[in-house]
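S.K.: what follows is a predicted structure for the sequence shown.
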Amino acid sequence: QVQLVESGGGLVQAGGSLRLSCAASGRTFSSYTMGWFRQAPGKEREFVAAISWSGNIYNADSVKGRFTLSRDNAKNTVYMQMNSLKPEDTAVYYCAAGSTTYFSSSSLYSQAFWHYWGQGTQVTVSS
């Protein structure tokens, strides 16, 4: 069982930055692919970005060049640095963990890939 706790959300002006953190419990963190999804009001939850157990990074087109993932396996934590934030980035951001070792990048977009979820952290970008 893995528990995920997000932090770092808040209110920021357009063009600003935030760094989200996701702390995971458990001793097998390094073997998990870690990802972020977001859900805006009235919209479906959507894939944002992920970093595999081997360090490969995958980004949705909407955040490429603006959001960067990193992971610290010693601290069981994954980070998402969000720069050049836009009002359309406003959403609840969820951390997720998946234990599948080998996968296609397209599978990351499906919620079925992910085994564990955090409770979410609100990010609000004002115009």
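M.R.: Ah, there it is.
S.K.: from the centroid of this structure, which residue is nearest?
M.R.: W36 (2.0 Å; C-alpha atoms, centre = their mean).
S.K.: and S62, that's in a strand?
M.R.: No. Looking at S62 with DSSP: H, G, I helix; E, B strand; the rest coil, it is helix, so not inside a strand.
S.K.: how far away is the residue nearest to the centre of the chain from Y93?
M.R.: 6 Å (C-beta to C-beta, to the nearest Å). In this view, the C-beta of every residue, glycine as well, is placed from N, C-alpha and C.
S.K.: what do the two both touch?
M.R.: 20, 48, 80 (C-beta atoms under 8 Å, 6 or more residues apart in numbering).
S.K.: just the strands in this structure please.
M.R.: 4-7, 10-13, 18-24, 33-39, 46-51, 57-59, 67-72, 77-82, 91-98, 116-117, 121-126 (DSSP state E).
S.K.: for those, which one sits closest to S104?
M.R.: Closest to S104 of the strands of the chain is strand 57-59 (C-beta to C-beta; 10.5 Å).
S.K.: tell me which strands the closest one pairs with, and in which orientation.
M.R.: Strand 57-59 pairs in its sheet with strand 46-51 (antiparallel), by DSSP bridges.
S.K.: so who does the residue nearest to the centre of the chain touch?
M.R.: Applying C-beta under 8 Å, 6+ apart, the residues contacting W36 are 20, 22, 47-50, 69, 80, 93-96.
S.K.: many thanks, I have nothing further to ask.
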